[in-house]
Every structure is written in C-alpha cells, then in structure tokens.
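Undergrad: got a sequence here, can you build the structure:
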Amino acid sequence: SMSLAVHHIRVVLRASAGMQPGFFTLRMLSQGVPSKVIRIGDAIEGRKTFSQQEVTAFAAISGDTNPIHQDAAYAKTTPFGACIVHGVLMSGFVSALLGTQLPGMGTILVSMTQNFKAPLFVGAEMACRVRVQAFKTTSKHVFATLETTCADAAGGVLMTGTAFVKLPDSCRIEE
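TA: Have a look, this model is predicted:
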C-alpha cells in the first residue's frame, strides 16, 4: 500500500543574519497544535525514492500509462534510456512537504507551478526543498509563496517551481 509518510525530513537553519527590516513571522495559535513560528527564508528538505511498484500504481490510478514510466524495453529506445517517474509524483511529494512540514498541517495548496528540467529515474533518490519567499494577507486569510526545488543525488536540478498556499486560519502574522 502507498504511504504519505515523508522520508528523511530535516529542518534547514533559518537565515537570521542579513534579514531585511520588517520581515514577517507567523505564529500558530491553533487548539492542540503547538505554537509554530515561520519566517521568510525558512526551508525544509525531504528525500524520496519512487519504486517501480509506486510508479505503476500511480499509472493505474491516474490513467497515465505512457510506457516511458513502466516498460523498460520501450524506455531504452527513448532519449532517457530508462523508465522515468511521472512529474506529478514529484509535485505530489512537494505537496506532502507543504501540508505536513512547512507550513504544515492545515495548509491548503492554492496553486503550483512546475518547470521540469531533467527526468527522475525510477529507483533514484531525489531531494526536494521548499523555502518561504513571501506572505500575503487579505481580510480573511493569510497566504504564503514558497520556492520549490527537486534535485537528484548528484545535485542536478530536476524540477523548480513556486507554491502558493493558504495558511491555517490559526496562523497570525507578526512583524
């Protein structure tokens, strides 16, 4: 069975030196949720390796049965030379980081852009990083823009993008 568990999460130290005056922080004030402060520049990284079984399951669920993802003999005839992970699986892992780590539980993904730079091969590990870039407030909600990047084990960039999320209503901005 597939699991939404996030693998090998580590918090990247906050950039405190050189912070612009008037930077924003967020404080979680929810019932039962520990207080959490989020600042511009905060980042986390998660690592994931997609197995052929996971890729095949996603192909069945989504209907994207392109043989580049599942048929090794076919994949050898392509410029990639081997089976590659669906790009939206990489995006889904980024979504998991946003919803479970930074900003965390209760976050709602509003929009996401992805630019695919290189393939992720089935069975290869990737590292995805999300970093807080900006906050936006409206009369009802607080939003955050986060930079997203996924890279392979050698540091080669696989995917870059931006996520725009609605923060939980329990979040408040402090200046």
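Undergrad: point out where the chain drops to low pLDDT.
TA: The model of the chain has pLDDT under 70 over residues 1-36, 169-175.
Undergrad: longest strand in it, please.
TA: Using DSSP state E, we find that the single longest strand of the chain is strand 125-137.
Undergrad: flag every buried residue along that one.
TA: Of the residues in strand 125-137, those with enough neighbours to count as buried (16 or more other CB atoms under 10 Å) are 126-132, 135. Heads up, the C-betas are built off the backbone N, CA and C, glycines and all.
Undergrad: same check on stretch 104-115?
TA: Buried residues in stretch 104-115, counted by 16+ other CB under 10 Å: 104, 107, 112, 114.
Undergrad: among those residues, which are located in helices?
TA: Secondary structure of the buried residues of stretch 104-115 is defined by DSSP state H; no position falls in helices.
Undergrad: and of those, the nearest to A151?
TA: Nearest to A151 among these: Q114, at 13.8 Å, using CB to CB.
Undergrad: A127 versus the closest one, what's the distance?
TA: Q114 sits 16 Å away from A127 when distances are taken as CB to CB, to the nearest Å.
Undergrad: just L89 next, same as before
TA: 15 Å.
Undergrad: how about L109?
TA: In this view, L109 and A127 are 20 Å apart by CB to CB.
Undergrad: again with V142
TA: Distance, V142 to A127, by CB to CB: 28 Å.
Undergrad: equivalent analysis for F50, please.
TA: Between F50 and A127 the distance, using CB to CB, works out to 13 Å.
Undergrad: what does S139 give?
TA: As for S139, its distance to A127 is 38 Å (criterion: CB to CB).
Undergrad: now the angle between strand 125-137 and the longest helix along the chain, please.
TA: Of all the segments assigned as helix in the chain under DSSP H, the longest by residue count is helix 87-100. Between the direction of helix 87-100 and that of strand 125-137, the angle (axes from the mean of the first three to the mean of the last three CA atoms, to 10 degrees) works out to 50 degrees.
Undergrad: mind listing what's buried along helix 87-100?
TA: When neighbours are counted by 16+ other CB under 10 Å, the buried residues of helix 87-100 are found to be 87, 89-91, 93-100.
Undergrad: and if you look at stretch 38-47?
TA: Buried residues in stretch 38-47, counting neighbours by 16+ other CB under 10 Å, are found at 38-46.
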